[in-house]
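J.: For reference, the sequence and a predicted model appear below.
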Amino acid sequence: MSAYAELSSDGGRFWDGDDWGWRPLWMTAGQVVEHARACFGVDVRTARMLAEGLLNQTWLLHCSDRDRVLRIGRPERSLEQVLYEQTLSRAWAIGVPQLIAAETAPAPVTSEQDQVHVLSLFPFRPGVPGTDVPAATRLTQLVPAMATMHRTAEELGLGQRPGMSSVDDEPVALRWAAVRRAVEDRFGHGANVRQTIGKVDRAVEEVDTQIQRWRASGRLERRAAVHGDLNVRNQLYADGVLVGIIDTDDCRVEPLIWEVAGLAYSDPAVSPDAAWELYRQAGGSLPPADREMLLPFARLGTLSELQWITDDAGTATHLALRILGAIADDLSGIPARG
């Protein structure tokens, strides 16, 4: 059986797990080495694809002086968006040294498929992912770092990232309607499909009503650029100590409560109250009254997973019903977003 990120014998594809199988590489290992040398002037000896990263393709570069990581941006990620990310991440890294920012300016290149990909070069920092560390250990270190990042972003005052939007810019019902139709088109209207869709229908109505009420009253005005994806795979630890926060590719302006909620409900072993108190003690930007928003925003975060149900053409994927079932189950209990 192939391992994730294993390359095919012809070097043109990589294994993306049993659900997706073999998928095309945007660049071969040889092309990665050539582009890294040409764009960044680093003496790369070899390149190995990393298993981390779902939307971009990432490579570990073994260089003559030290190892680095090359991110090949997805085609829809523009140079303007990456420049925004670099401005933000470098500001964050001043107050949060665990934040790993790019070490050089980005470089757009055109692949053999005539797609433009923005290359970003990062220092390599060894460590194990947060999945290997107890939830309580992660919480006590990541929450203060997040609070510092929020304060820095507020001081920096960046506007919305080009081409991006916030989770509360439009009702979830608008996105859900299209996803709902796609699921029904592919899987029909059987009892299991109707039951699953019904659970999501109710949650969407409840969350939209609450979030829009808070937005209309002005309670969501505390917003700034956030990391956007502080899941356990984007945290690196060495001997239980947080040494790396990676993958700022999803950074954008959001209500700050959205990111706090995602971390507070990131694991069943994490107490949302403990996460909230730790955030406040670390100088987090939100007032005590915002505690009541945690669960609704965690549920909104769960609903954001609807984006993975359809492909670029708006068609439900072969995994759509499984993903929708997991979302419905999560919404029926206490959300847990790793």
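T.: Cool, the structure landed.
J.: and the residue nearest to residue 240 when sequence neighbours are not counted, how many neighbours?
T.: Of all residues beyond its chain neighbours, the one nearest residue 240 is residue 137 (5.5 Å), with distances taken as CB to CB, 6 or more residues apart in numbering. C-betas here are computed from N, CA, C, even on glycine. Applying other CB atoms under 10 Å, we find 14 residues neighbouring residue 137.
J.: What helix or strand is residue 137 located in?
T.: Element membership for residue 137 (DSSP states H and E) is helix 135-156.
J.: and that helix, average pLDDT?
T.: Mean per-residue pLDDT for helix 135-156: 97.
J.: Flag every buried residue along the longest helix along the chain.
T.: Longest helix of the chain, by residue count under DSSP state H: helix 191-216. Across helix 191-216, burial judged by 16 or more other CB atoms under 10 Å covers 193, 196, 197, 199, 200, 203, 204, 207, 208, 210, 211, 214.
J.: Show me what it packs onto, helices and strands only.
T.: helix 172-187, helix 294-303, helix 320-332 (3 or more CB pairs under 8 Å, 6 or more residues apart in numbering; DSSP states H and E).
J.: Let me have the ones you listed in JSON lines, extended by distance to residue 223.
T.: Listed next are the helices and strands packed on helix 191-216 as JSON lines, based on distance: least, CB to CB, whole Å:
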{"stretch": "helix 172-187", "distance to residue 223": "18"}
{"stretch": "helix 294-303", "distance to residue 223": "12"}
{"stretch": "helix 320-332", "distance to residue 223": "24"}
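J.: just those: most buried one?
T.: Ranked by mean neighbour count under mean count of other CB atoms under 10 Å, the helices and strands packed on helix 191-216 are led by helix 294-303, which reaches a mean of 23.
J.: Could you figure out how far that helix is turned away from helix 320-332?
T.: Counting by axes from the mean of the first three to the mean of the last three CA atoms, to 10 degrees, helix 294-303 points 180 degrees away from the direction of helix 320-332.
J.: what is the rounded mean pLDDT of helix 294-303?
T.: On average, helix 294-303 scores 96.
J.: which strands and helices sit next to the helix holding residue 137?
T.: helix 79-95, strand 223-226, strand 235-238, strand 241-245, helix 256-264, helix 272-281.
J.: mind putting these in JSON lines, mean neighbour count, distance to residue 173 and mean pLDDT included?
T.: Supplementary listing: these in JSON lines, determined by neighbours: other CB atoms under 10 Å; distance: least, CB to CB, whole Å; pLDDT from 0 to 100:
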{"stretch": "helix 79-95", "mean neighbour count": "18", "distance to residue 173": "27", "mean pLDDT": "98"}
{"stretch": "strand 223-226", "mean neighbour count": "24", "distance to residue 173": "22", "mean pLDDT": "98"}
{"stretch": "strand 235-238", "mean neighbour count": "20", "distance to residue 173": "33", "mean pLDDT": "97"}
{"stretch": "strand 241-245", "mean neighbour count": "20", "distance to residue 173": "33", "mean pLDDT": "98"}
{"stretch": "helix 256-264", "mean neighbour count": "26", "distance to residue 173": "18", "mean pLDDT": "97"}
{"stretch": "helix 272-281", "mean neighbour count": "18", "distance to residue 173": "26", "mean pLDDT": "96"}
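J.: Let's have those in JSON lines, adding distance to residue 68.
T.: As requested, these are exported to JSON lines (distance: least, CB to CB, whole Å):
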{"stretch": "helix 79-95", "distance to residue 68": "15"}
{"stretch": "strand 223-226", "distance to residue 68": "25"}
{"stretch": "strand 235-238", "distance to residue 68": "15"}
{"stretch": "strand 241-245", "distance to residue 68": "14"}
{"stretch": "helix 256-264", "distance to residue 68": "28"}
{"stretch": "helix 272-281", "distance to residue 68": "33"}
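J.: So which of the ones you listed is nearest residue 301?
T.: Among the helices and strands packed on helix 135-156, the nearest to residue 301 by CB to CB is helix 256-264 (4.9 Å).
J.: residue nearest the centroid of this structure?
T.: residue 229 (3.2 Å; CA atoms, centre = their mean).
J.: Give me the spatial nearest neighbour of it, chain neighbours excluded.
T.: Nearest residue to residue 229 in three dimensions, chain neighbours excluded: residue 250, at 4.4 Å (CB to CB, 6+ apart).
J.: Same question for residue 87.
T.: In space, residue 87 is closest to residue 158, 7.1 Å off (CB to CB, 6+ apart).
J.: Fine by me, thanks again.
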